[in-house]
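Q: Need a 3D model of the sequence below.
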Amino acid sequence: MKGKVLSVNISREKGERKRNTGTCRFIKGLGVANDAHAGFGIRQVSFLARESIEKIRDRGVVVSYGDFAENITTEGIVLHLLPVGTKMRIGESALVRITQIGKECHERCSIFYQVGDCVMPTEGIFAEVLTGGEVKVGDLIEVV
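A: Down below sits the predicted model:
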């Protein structure tokens, strides 16, 4: 199963939308370098598929990649159907393992208030970095 990276999103502060930087560095055991959410827990990198974002766009809401605070926006893989423990190779060297599907939102985001729903709690996935490396827009993602 293969997909591709559409956007690489980073924010300096928690609670703000992430911006597409085009490239980033995954750090083993930590997450995305220079991202506010990097840390040693199980949610080191967040992913959301374009196909999931389209569900919100189909409701008439204008959203961009990174608006759901995902680090990596993807295309071509139904991420939320992959089981916890699945490994994905991204680009030339980065390797991650899925640690969580969805998340509990303690506070409703602006997307929820606009449409009464948000896809990140059910269709976003989180992973830990097993092997670091550069990740950039256009990189291939392969389930291994």
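Q: measure residue 17 to residue 61 for me?
A: 14 Å (Cβ to Cβ, to the nearest Å). For glycine as for every other residue, the C-beta is placed from the backbone atoms N, C-alpha and C.
Q: cool, residue 137 as well?
A: Distance of residue 137 to residue 61, given as Cβ to Cβ: 23 Å.
Q: Where does the prediction get shaky in this protein?
A: Applying pLDDT under 70 to the chain flags residues 104-118.
Q: Centroid-nearest residue for it?
A: Note on the chain: the residue nearest the mean C-alpha position is residue 47, at 1.7 Å, using Cα atoms, centre = their mean.
Q: My guess is that one contacts residue 119. True?
A: No - here residue 47 does not reach residue 119: they are 11.9 Å apart, not a contact under Cβ atoms under 8 Å.
Q: For this structure, just list every one of the strands.
A: Applying DSSP state E to the chain gives strands spanning 2-10, 19-20, 23-27, 31-32, 45-49, 72-75, 87-90, 94-101, 125-131, 133-136, 140-143.
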